[in-house]
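[1] Sequence plus predicted model, see below.
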Amino acid sequence: MPAKQLTTMGTALALLIVIFAPTPALAADIYYVPAAGGNWSTCSNWSLGRCPQANDDVRIEVSGTAHKAVYYDTNTSGFDSLTIDGDGATYGALWHLDNSLMTDYMYIGNDGEAWEWMEGDAFLWVLENLYVGHYDPGPGHFYLNVQTYGVAVNGDTYVGYQGPGDFDHLDGYHMCNHLFVGQNGPGTYWLKGSEETSTLETEYYMIIGNADVGLLEQTGGTVVGTGASGLLLGLNNGGDGTYEMKGGTLNAHHISIAWNGNGYFTHSGGNVILESNLNIGCEGTHTYRAWYKVNTDDGDPYLFVGGNVNIGVQSLAKYEQEGGTVEVEGTVEIWDGDDDPYTSSYLYMGLNADWLDAESGVINHSGYFDQDGGVLTTPSFTNDSSQGFNLDNNADFRATTVEHNAGYLYMWRNAHVRGELAMPPSTFYMCNFTNNAHVQMGNASFDGGTFVGHMTNNGSFNYTQGDFSASTLTNYGTVNLNAPFTCYRFVQNAYSFTVTPAAPITANGASYADAFQNNANLTIQSGASITVVDAPLVNNDNLYGGGTVNGDVENNDFLIPGVGTSATGELYIDGDFTQAGSGTLRIRLSGNMPITDFDRLRLTGHATLGGTLDLRLTDGFTPDLGDTFRVVLYTGGHTGEFNTVSLPELPNDWEWDVRYLSGMVQLDVVEPQECPGDLDGDGDIDLADLAQLLAHYGTTSGATYEDGDIDGDGDVDLADLAALLSVYGTTCP
């Protein structure tokens, strides 16, 4: 309330105390007599032959068939009570157009319709309670449109106490301890006018719909709740409270909607400022309904909640937003609110929801979260509800940390998941998303929106459509890919994961040391592919590869170039291959036909060899003399050799000849070399053998033993010369 007008109101109250302080007198009932009314100050109009005095119980009641309208034109005051009443056909009214009036109690509308009409510079002071619609059938009407003063009630104001009542508050001030609208009869309160001059102020709580239907419609003005009791809608059984916020400002400690009755708050314009919580679906035994709805039907609504938004705490409730800006300093929390498995409390953001900011987080305990549009921004979102949550249409879901612990998250169409805004206008944090339940991204009919963040999957992630390209996936659970999948980085930690031909994976690897990292069991089916762009595929456990890797591969553990543990095959690498000292390349031989009978690793780039080559015979296969197995093929040359070569035994004292050629690693079944260095086969190592080697010295590929390739690496170089010189001059056994 403006300071000037507070001073004016205080001056008026002080004058009333001094001028109209009650003088000792016996209380008396005094009635206004003329059927059609007239001036209050005409003393002959009153039943006692005098004008009302202090401590009188004053009654303006219909008598006859005419409406009774009395004009208050005096400052006589200090009554015990003032009753205004009509009957079934006519009304009684007090036209209070000026002057000040004080009474302990004021009753409007008992046996019939009654009015208190305040305009001009009128002032009313009720020392106890004001009843508008005192008894049934009433109704009682209060019209307030004053310029400077208004109504001061030291006790409570009831609009719809036992009978119907309405309060039309156009301008001026109405102050009371408590406001009840729809106490035990239907009540309506309209607050209009400007925010500066039209004010409703309560010292304690306001109750709309206590045990009957109550409506407070605010199209302007200012509501000030100075106490900690707040605004209550639908308090008791039979209570049905509605607050229609269309304009102006509402300041309250908190709002609690639907206790043992029904409560509805429609926020379509103006500002609602709460010091503490917004509670929707409070303690009670009813099943429905508590509702807070924000839309733009009457303007640009704004809601500020200094505490938490609690939805469905103990009864079925919903929060619905179709526009406006909502800021919550605390946490938004959602409960089921009902034991019925087919119903649930929920938070819904519609296509035009605009903005909901939950500064301390969102927790869905047991309800349902549904976002079709607008922007939700919060540092953390936790879903513990088996009802799950749904993101659809144009939902912009911004949560820096998400923990999804139960139910399904469905992403559809243009829904967008990312972190909070980091730097305006368009730099966002990554969303750290932990999935301990189920995530469904798109289906055969609808796109799955856009996910930007780090997803740690401990549950199941089902992907059919959608943009995951700017995100990373760390998998400990189940990933079902039903279409091509693109990401920044894929870390495979689950017991088993299979890449199928229908769902190739692309991992861009931007700024990461690896684009795809396998730490468990990874199978690339024949015809399937993994594409890594700016970083390699790194295998730290078991890789069964029968398909294609487009990009570089590093093997630090176990690799079989086939699908699974039975069928042989080929792993094709369109890039470089590096095997560390801890790595093992296993090749299985069940025949002498490549791919169908034995595993093969084929690459277009450079091979850096190390670790172990582990050769296994399967299906009872025994190689024959002269069999050749080209197990590693490369077009970009090679560096190094396998540190350890594990080879199965051969019959007839045949031997394996492992040859590192310019384009391949080749395994040959050969006769035993009883005299290494005897290139011409004459039984001794002499000048002829040295000449034969020197004739081919410098050959870089395709060299044979007879050419001087003693170490079998396909070339004739210093290593071969050293081997021959070490036995030079000896004879064969």
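    Yep, it's here. It should be emphasised that the depicted structure is a prediction, and the values quoted were computed from it without experimental measurement.
[2] Show me the shaky parts of the stretch 551-700 of the chain.
    Under the criterion pLDDT under 70, the flagged ranges of the stretch 551-700 of the chain are 564-566, 674.
[3] try the chain
    The chain contains residues with pLDDT under 70 at 1-26, 283-288, 564-566, 674.
[4] Let me see the domain layout of it.
    Under the assignment automatic domain parsing, the domains of the chain span 1-176, 526-672, 676-733.
[5] what ranges do the strands span in the stretch 51-200 of the chain?
    According to DSSP state E, counting those that start in this stretch, the stretch 51-200 of the chain carries its strands in the segments 57-61, 68-71, 79-85, 92-96, 100-108, 114-120, 123-126, 130-132, 140-153, 156-159, 165-176, 178-181, 187-191, 198-202.
[6] which one of those is the most hemmed in?
    With neighbours defined as mean count of other Cβ atoms under 10 Å, the strands of the stretch 51-200 of the chain peak in mean count at strand 130-132, which reaches a mean of 31. Yep, even glycine has a C-beta here, placed from its N, CA and C like the rest.
[7] For that one, name the packing helices and strands.
    Taking 3 or more Cβ pairs under 8 Å, 6 or more residues apart in numbering; DSSP states H and E as contact, the helices and strands that strand 130-132 lies on are strand 100-108, strand 140-153, strand 156-159, strand 165-176.
[8] Compare those strands and give me the one nearest residue 605.
    Relative to residue 605, the nearest member of these by Cβ to Cβ is strand 165-176, separated by 82.0 Å.
[9] just how off-centre is the closest one within its chain?
    Between the centre of strand 165-176 and the centre of its chain there are 41 Å (Cα atoms, centre = their mean, to the nearest Å).
[10] before we move on, what about stretch 574-593?
    46 Å.
[11] right, so the domains of the chain: which one is the most enclosed?
    Counting by mean count of other Cβ under 10 Å, the most buried of these turns out to be domain 1-176, with a mean of 20.
[12] Centre of the chain to that domain, how far?
    Averaging C-alpha coordinates over domain 1-176 and over its chain gives two centres that are 53 Å apart (Cα atoms, centre = their mean).
[13] returning to that earlier point: and the strands of the stretch 51-200 of the chain as a markdown table, adding distance to residue 594?
    Compiled in a markdown table, these are given as follows (distance: least, Cβ to Cβ, whole Å):
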| stretch | distance to residue 594 |
| --- | --- |
| strand 57-61 | 111 |
| strand 68-71 | 110 |
| strand 79-85 | 106 |
| strand 92-96 | 106 |
| strand 100-108 | 101 |
| strand 114-120 | 102 |
| strand 123-126 | 102 |
| strand 130-132 | 97 |
| strand 140-153 | 97 |
| strand 156-159 | 92 |
| strand 165-176 | 92 |
| strand 178-181 | 88 |
| strand 187-191 | 87 |
| strand 198-202 | 89 |
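[14] List just the one of those strands that sits closest to residue 706.
    Nearest to residue 706, of all these, is strand 187-191, at 108.3 Å by Cβ to Cβ.
[15] Relative to the closest one, what are the paired strands and their orientations?
    Here the strand partners of strand 187-191, with direction, are listed using DSSP bridges: strand 165-176 (parallel), strand 213-218 (parallel).
[16] Show me the one of those strands that comes nearest residue 612.
    Each of the strands paired with strand 187-191 was scored for nearness to residue 612 using Cβ to Cβ, and the closest is strand 213-218 (79.8 Å).
[17] for the helix or strand just after that closest one, packing partners?
    Counting by DSSP states H and E, the next helix or strand C-terminal to strand 213-218 is strand 222-225. In terms of contacts (3+ Cβ pairs under 8 Å, 6+ apart), strand 222-225 is packed against strand 198-202, strand 249-252.
[18] Between these, which one is closest to residue 712.
    strand 249-252 (89.5 Å).
[19] Give me the sheet partners of the closest one and which way each runs.
    Take DSSP bridges as the rule and strand 249-252 pairs in its sheet with strand 222-225 (parallel), strand 271-274 (parallel).
[20] Mind putting those into JSON lines with mean neighbour count and distance to residue 258?
    Formatted as JSON lines, the entries for the strands paired with strand 249-252 read as follows, by neighbours: other Cβ atoms under 10 Å; distance: least, Cβ to Cβ, whole Å:
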{"stretch": "strand 222-225", "mean neighbour count": "23", "distance to residue 258": "18"}
{"stretch": "strand 271-274", "mean neighbour count": "22", "distance to residue 258": "17"}
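[21] Including distance to residue 632, could the ones you listed go into a markdown table?
    Compiled in a markdown table, the strands paired with strand 249-252 are given as follows (distance: least, Cβ to Cβ, whole Å):
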| stretch | distance to residue 632 |
| --- | --- |
| strand 222-225 | 80 |
| strand 271-274 | 71 |
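[22] so which of these comes closest to residue 710?
    strand 271-274 (89.4 Å).
[23] Quick check: next helix or strand after the closest one?
    Counting by DSSP H and E, the next helix or strand C-terminal to strand 271-274 is strand 278-280.
[24] by contact count, what packs against that following strand?
    When contacts are defined as 3+ Cβ pairs under 8 Å, 6+ apart, strand 278-280 sits against strand 255-257, strand 290-294, strand 309-311, strand 317-321.
[25] Residues contacting the second one, please?
    Strand 290-294 is contacted by residues 233-234, 255, 257-258, 262-268, 278, 280-282, 301, 303, 312, 315-324, 326, 353 when judged by Cβ atoms under 8 Å, 6 or more residues apart in numbering.
[26] related to what we said a few turns ago, the strands paired with strand 187-191: which one's closest to residue 626?
    Taking Cβ to Cβ as the measure, the strands paired with strand 187-191 were each checked against residue 626, and strand 213-218 came out nearest at 98.0 Å.
[27] which residues are in contact with the closest one?
    Counting contacts by Cβ under 8 Å, 6+ apart, the residues outside strand 213-218 that touch it are 159-160, 180-183, 186-191, 206-208, 233, 239-248, 250, 270.
[28] could you redo the last one with a cut-off of 7 Å?
    Residues outside strand 213-218 that contact it (Cβ atoms under 7 Å, 6 or more residues apart in numbering): 160, 181-182, 186-191, 208, 240-248, 250, 270.
[29] same deal with stretch 507-515?
    Counting by Cβ under 7 Å, 6+ apart, residues outside stretch 507-515 touching it are 487-490, 516, 532-538.
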